[in-house]
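[1] below: sequence and its predicted model.
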Amino acid sequence: MSFVGLVIVSAVAFTAPLLLDLLPKFRLPAIVLEILAGIAIGPAGLGLVEVDQPIRVMSVIGLSFLLFLAGLELEVKLLRGRRLRLTIVGFVVSVTIAYSIGLVMHAAGMVQSTLLVAVILSGTALGIITPVLKDAGELTTEFGQTVFAGSTIAEFGTILLLSLFFSRQANDPAAKIVLASSFVVLTIVLVVAMTTAEKSTRLGEALLRLQDTTAQIRIRGAFLLLAAFAALASQLGLEAILGAFVAGALLAVLDPDYKKTHPKFHDKLEAIGFGVFIPVFFVSSGIQFDLQALFADSSTVARVPLFLLVLLAVRGLPALVYRPLMTGPQIVVAALLQSTSLPFIVAATSIGVELGVLTKTNASALIAAGLLSVVIFPMVALARLRRAAPQAVPARVEA
């Protein structure tokens, strides 16, 4: 087993954010540069590295960690009342628009699976939107919390749909629904068991003593939860990324007061995820990017701006549903932010290609459109947000 390729990938992961900080004029998200650098060093570029076993293992853990941390961002108190109703309606509208567009594309011979394209286009990059809102000082406002809630619903909804209909482990949709139900039941059982254990004073004191020692007991427990739910989902014929997201969401629900007793907990998890595993996933995604398929003919290249516009339509138009909670300029910003998608596109297209329901050309065009969405939409959204400069209204917790 050679680690030379992993060294090169790690060097790229280290250099990308450093360059962006040293060259502030290039306002690119780090993950975009990581993917582009992966393309440059991979078979489509300089041919310095291919995805071997060490890179593949690190990449899979990176994707799982990315979804785990996305689930960890879940705010249950946001998902209630009118905000929950509006964000669910918005997601349903997204899927409806995406499926309608998918039908047209399928009729035109552009895509194979209407449903897969609809699922891919309905996703939102929660992991990208969250830091954008946080850096803009909007995450705790009514506007920011609504966008966050809508993105959470889209993230979970698309992962669930992908697992139900396009799992690599099972083919019968009815069987998948039964397996998904089993996953829910087992999840509830585990939640009850964890909640019961959490009430133990002795256990709580032990966790407190060991959390900042070399045992790092809470981090070990979080990783155990991630691995357990990913394995459980996989064993039940669902996608492991669903288990990873659910594990993060459960941790967020079961540990809402972490800031009081273990404030460093989330920072440590983010350090492990974004510092070690997640960059390998994005760089390796670039290495596997089929640049030759993208530029095989002009019609494939033309699909990139088409998919970008479709992303904006599918996730942007439903932002109009948020009108009772936002001003006009804020709706435009919400539409742009919700149309930002890349990590889910990368994961879903790889599954689609592996199952033979998505061509490599469409996968490359979708990923390229996702790259452009991450570069363009947040930048334009922030510019409009600064120009509008509305009064920040703290979010209300609705009953």
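    Right, received. Where do you want to start? Numbering: from 1, shown residues only.
[2] ranges for the helices of the stretch 151-300 of the chain?
    173-198, 201-210, 217-235, 240-254, 258-261, 265-272, 278-287, 291-294, 298-316 (DSSP state H, counting those that start in this stretch).
[3] identify each buried residue in the longest helix anywhere in the chain, please.
    Taking residue count as the measure and DSSP state H as the definition, the longest helix of the chain comes out as helix 360-388. The neighbour-count criterion (16 or more other C-beta atoms under 10 Å) identifies 360-375, 377-378, 381-382, 385 as the buried residues of helix 360-388. Every residue, glycine included, has its C-beta placed from N, CA and C.
[4] circling back: so can I have a markdown table of the helices of the stretch 151-300 of the chain showing distance to residue 158?
    A markdown table is the format used below for the helices of the stretch 151-300 of the chain (distance: least, C-beta to C-beta, whole Å):
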| stretch | distance to residue 158 |
| --- | --- |
| helix 173-198 | 15 |
| helix 201-210 | 34 |
| helix 217-235 | 15 |
| helix 240-254 | 10 |
| helix 258-261 | 27 |
| helix 265-272 | 23 |
| helix 278-287 | 18 |
| helix 291-294 | 23 |
| helix 298-316 | 11 |
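[5] ranking the ones you listed by burial, who's on top?
    Among the helices of the stretch 151-300 of the chain, judged by mean count of other C-beta atoms under 10 Å, the one packed with the most neighbours on average is helix 278-287 (a mean of 28).
[6] ok, now which ones touch the nearest residue in space to residue 221 that is not next to it in sequence?
    Here the nearest residue to residue 221 in space, its sequence neighbours aside, is residue 207; by C-beta to C-beta, 6 or more residues apart in numbering that works out to 7.9 Å. Shown in contact with residue 207 (C-beta atoms under 8 Å, 6 or more residues apart in numbering): 217-218, 221.
[7] kindly provide the distance from the nearest residue to residue 73 once chain neighbours are set aside to residue 368.
    Leaving aside its sequence neighbours, residue 73 sits nearest to residue 130 (C-beta to C-beta, 6+ apart; 5.6 Å). From residue 130 across to residue 368, the span is 24 Å (C-beta to C-beta, to the nearest Å).
[8] from the contacts of residue 207, which single one is nearest residue 73?
    Minimum distance to residue 73 across those is 17.5 Å, recorded for residue 218 (C-beta to C-beta).
[9] can you list the low-confidence ranges for the stretch 101-250 of the chain?
    Low-confidence segments of the stretch 101-250 of the chain, defined by pLDDT under 70, are located at 135, 167-176, 179, 197-198, 237-238.
[10] residues contacting residue 340?
    Shown here is residue 340, whose contacts under the criterion C-beta under 8 Å, 6+ apart are 124-125, 128-129, 373-374, 377-378.
[11] okay, these in TSV with distance to residue 203 next?
    Shown next, in TSV, are the contacts of residue 340 (distance: C-beta to C-beta, whole Å):
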residue	distance to residue 203
124	37
125	37
128	36
129	36
373	45
374	42
377	45
378	42
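[12] about what we covered before: closest to residue 157 out of the helices of the stretch 151-300 of the chain?
    Checked against C-beta to C-beta, the stretch from those lying closest is helix 240-254, at 10.8 Å.
[13] doesn't residue 49 lie inside a helix?
    No: membership of residue 49 in a helix is not supported by DSSP: H, G, I helix; E, B strand; the rest coil, which gives coil.
[14] nearest residue to it other than its sequence neighbours?
    Of all residues beyond its chain neighbours, the one nearest residue 49 is residue 5 (4.3 Å), with distances taken as C-beta to C-beta, 6+ apart.
[15] ok, now residue 34?
    Of all residues apart from its sequence neighbours, residue 282 sits closest to residue 34 (C-beta to C-beta, 6+ apart), at 4.2 Å.
[16] just name the closest of the contacts of residue 207 to residue 67, please.
    residue 221 (18.0 Å).
[17] from residue 325, how far out is residue 85?
    Remark: distance between residue 85 and residue 325 (C-beta to C-beta) = 11 Å.
[18] just to revisit the earlier point, any chance of the contacts of residue 207 in JSON lines, with distance to residue 261 too?
    Formatted as JSON lines, the contacts of residue 207 follow (distance: C-beta to C-beta, whole Å):
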{"residue": "217", "distance to residue 261": "13"}
{"residue": "218", "distance to residue 261": "10"}
{"residue": "221", "distance to residue 261": "14"}
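[19] among these, which one sits closest to residue 156?
    residue 221 (22.6 Å).
[20] circling back: the residue nearest to residue 34 and residue 189, how far apart?
    Distance check for residue 282 against residue 189: by C-beta to C-beta, it reads 35 Å.
[21] appreciated, that's everything.
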